[in-house]
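Colleague: Below is the sequence, then the predicted model.
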Amino acid sequence: MTSLGPAWPERAAWGTAPSLRAWQSAALNDYLARSPRDFLAVATPGAGKTTFALTVAAELLGRRVVDRLIIVAPTEHLKLQWAEAAARAGLPIDPTYSAGSGKISSDYVGVAVTYAGVGVNPLALRIRTERFRTLVILDEIHHAGDSLTWGEGVREAFEPAAKRLALTGTPFRSDINPIPFVSYAPGEGGVPTSVADYTYGYADALADHVVRPVLFLAYSGQMSWRTRAGDEVAASLGEPLTKDMTSQALRTALDPNGSWMPSVLAAADKRLSEVRRHVPDAGGLVIATDQDSARAYAKLLKGISGESPTVVLSDEKAASKKISAFSEGDSRWMVAVRMVSEGVDVPRLSVGVWATTTSTPLFFAQAVGRFVRARKRGEIASVFLPSVPNLLSFASELEVQRDHVLGRKVNDEGDIFSAEEDLMNQANASEGASEELELTPFEALGSEARFDHALYDGAQFGHEGEVHVGSEEEMDFLGIPGLLEPDQVSALLQQRQADRRRTRRTGVAEEERPADTVAEVTTHEHLGLLRRELNSLVASWHHRTGQAHGITHAALRKECGGPAAAVASADQLQKRIERIREWAVKKTS
């Protein structure tokens, strides 16, 4: 065993013991009790996998079970993010190390590398792993199955490791390549399926208020395009279409020169403004397919919001700095090309726009995971989606846990290929090719958007007739308060669904109904909705401040005047709603 030098033994303990969440403590206790060589922790994005892993590392270093640490991350940016998190935990990590670069400063306890870097020179990392008792943390371990080169490199480099801790927060792919250091057991039909040592899913995290609930807002609309053969085609996004037509309709919608994207971006900016009334530093993210589209979307957003968005392109050297600056600031929008799809921690992201043709379960979970990190109780995330069947399916199954299945491959449409067919596909495809909807040559001619429906907790709301962008019906959903408990969101959506059905039955909007109809029916309903909204805001205020509901209601009556909420007028209730929103803004700032 190589000597650690005189400085290291003087350290009484490694790291600063953080305040752990319940799941992190349970996973840590299980790990320490069993002390396995390999451990796979599956935890939903935003749950705190990094804190868990660094706590394990500090424990093992402090107990002299291991002497060194190697962290493997998917991207260069995540290397830096890991190093910063480790530094806060008292574990100095060198993020600039590259395989074969030799020794590192004695001030470091370990290094951070990428999967690509491991694949380039696994032997150098194997030598480093053999020299010391090493803990290897494999962040988003499914990347070791992305290509044979990466998987073989990870296995060769870290086979001698004393301990290996694998992490993932997204569903594994279904393919024929086993992921190194992951255990498999017979699953459905006897097919080998990955087995996690500890699992903490989105549903668990939502119940524990560790992550935010997600409100999906789906937009459809009429599209027209010209095929390579010169034929002009028109179809409605959101209607049953062939795979090719769905792809072309989606690409037409995402064309920044059409009307669909400007309309959806304007709606998303309205939603962000509503959220920022309660959470002033809330930010939005547009996930684009390519750099040209990203720049075009940024130009549209500047015209809509009056503020230039942060544009993050994956091949820019300053990408990491841009993400960090956006995370620490309070500007409205960031536009990125895949760069912020996985692991990147920007806790203030609250509103997202899906503007990419990429549509796999893995990428969807990664992207949505950027918006679910909870900071304060009552925050909700809003993600704007095209009405594409597989995206809506992923949204409705957000809580479903997926394991890694060997011997079959599931494509974007859910079709299952045999292992033999998959091998042929791999032989005909370049390694690491993007998994996107089929891109048939075409020319976008025009598009228009309409609000389709909201999707929350697996249920649809508002899917009854056309809803035009900019209409009051659309604002029923865009204007949902930015601070609500999950059950309050459900109650509010159900109420607004009922209001829409009632309006459609009568064929007359409430504001256009005769006065006697309003007096007999809609006044009661309107007052009920205002009371529910006020009560929801008072409940959120209680969770933020601990102040009893009755005291808050009394304070609002004192400031705004009027009787108790049960007998207050609509104007009096509205004043109280506006006042407590003002309190929330002041409290946050």
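Modeller: Received the coordinates, thanks. Numbering: from 1, shown residues only.

Colleague: how about the CA coordinates for stretch 548-563, as CSV?
Modeller: The C-alpha trace of stretch 548-563 is given here as CSV (Å, rounded to 0.1, in the frame of the first residue of the first chain):
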residue,chain,number,x,y,z
ALA,A,548,-51.8,29.5,12.1
HIS,A,549,-54.5,29.8,9.4
GLY,A,550,-56.8,31.8,11.7
ILE,A,551,-54.2,34.4,12.6
THR,A,552,-53.4,34.9,8.9
HIS,A,553,-57.1,35.3,8.0
ALA,A,554,-57.5,37.8,10.9
ALA,A,555,-54.4,39.8,9.7
LEU,A,556,-55.8,40.0,6.1
ARG,A,557,-59.2,41.2,7.4
LYS,A,558,-57.5,43.9,9.5
GLU,A,559,-55.5,45.1,6.5
CYS,A,560,-58.1,44.8,3.8
GLY,A,561,-61.3,45.2,5.8
GLY,A,562,-64.6,43.3,5.6
PRO,A,563,-66.1,40.3,7.4
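
Colleague: do you know how far residue 78 is from residue 164?
Modeller: Here residue 78 is placed at a distance of 18 Å from residue 164 (CB to CB, to the nearest Å). Every residue, glycine included, has its C-beta placed from N, CA and C.

Colleague: Need the residue closest to the centroid of this protein.
Modeller: The C-alpha lying nearest the average C-alpha coordinate of the chain belongs to residue 369 (CA atoms, centre = their mean; 2.0 Å).

Colleague: Check whether that residue really touches residue 49, as I assumed.
Modeller: No: Residue 369 lies out of contact with residue 49 (CB atoms under 8 Å); the separation is 10.8 Å.

Colleague: Now do the shared contacts for the two.
Modeller: Counting by CB atoms under 8 Å, 6 or more residues apart in numbering, the contacts common to residue 369 and residue 49 are residue 169.

Colleague: Could you tell me the end-to-end distance of stretch 563-579?
Modeller: Across stretch 563-579, the straight-line distance between its terminal residues is 16 Å, by CA to CA, to the nearest Å.

Colleague: I meant to write stretch 205-221 there.
Modeller: Distance across stretch 205-221, first residue to last, is 35 Å (CA to CA).

Colleague: quick one: buried residues of it?
Modeller: Buried positions in stretch 205-221, judged by neighbour count with 16 or more other CB atoms under 10 Å: 205-206, 209-221.

Colleague: Give me the subset of those lying in helices.
Modeller: The subset of the buried residues of stretch 205-221 located in helices under the criterion DSSP state H comprises 205, 206.

Colleague: So which of the buried residues of stretch 205-221 are in strands?
Modeller: Applying DSSP state E to the buried residues of stretch 205-221, the entries found in strands are 214, 215, 216, 217, 218, 219, 220, 221.

Colleague: returning to that earlier point: how about the residue nearest to the centre of the chain, nearest residue that isn't a chain neighbour?
Modeller: Excluding the flanking residues, the one nearest residue 369 by CB to CB, 6 or more residues apart in numbering is residue 45, at 2.6 Å.

Colleague: State the number of residues packed around that neighbour.
Modeller: Using other CB atoms under 10 Å, residue 45 is surrounded by 24 other residues.

Colleague: how's the protein carved up into domains?
Modeller: 8-207, 214-402+443-461, 508-588 (automatic domain parsing).

Colleague: a markdown table for those, including mean pLDDT and distance to residue 498?
Modeller: Output for the domains of the chain, formatted as a markdown table (pLDDT from 0 to 100; distance: least, CB to CB, whole Å):
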| stretch | mean pLDDT | distance to residue 498 |
| --- | --- | --- |
| domain 8-207 | 86 | 25 |
| domain 214-402+443-461 | 87 | 10 |
| domain 508-588 | 72 | 9 |
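
Colleague: Out of the ones you listed, which gets nearest to residue 493?
Modeller: When the domains of the chain are ranked by proximity to residue 493, the top entry is domain 214-402+443-461, at 4.4 Å, counting by CB to CB.

Colleague: Any idea how far apart the tips of the closest one sit?
Modeller: Between the opening and closing residues of domain 214-402+443-461 there is a gap of 14 Å (CA to CA).
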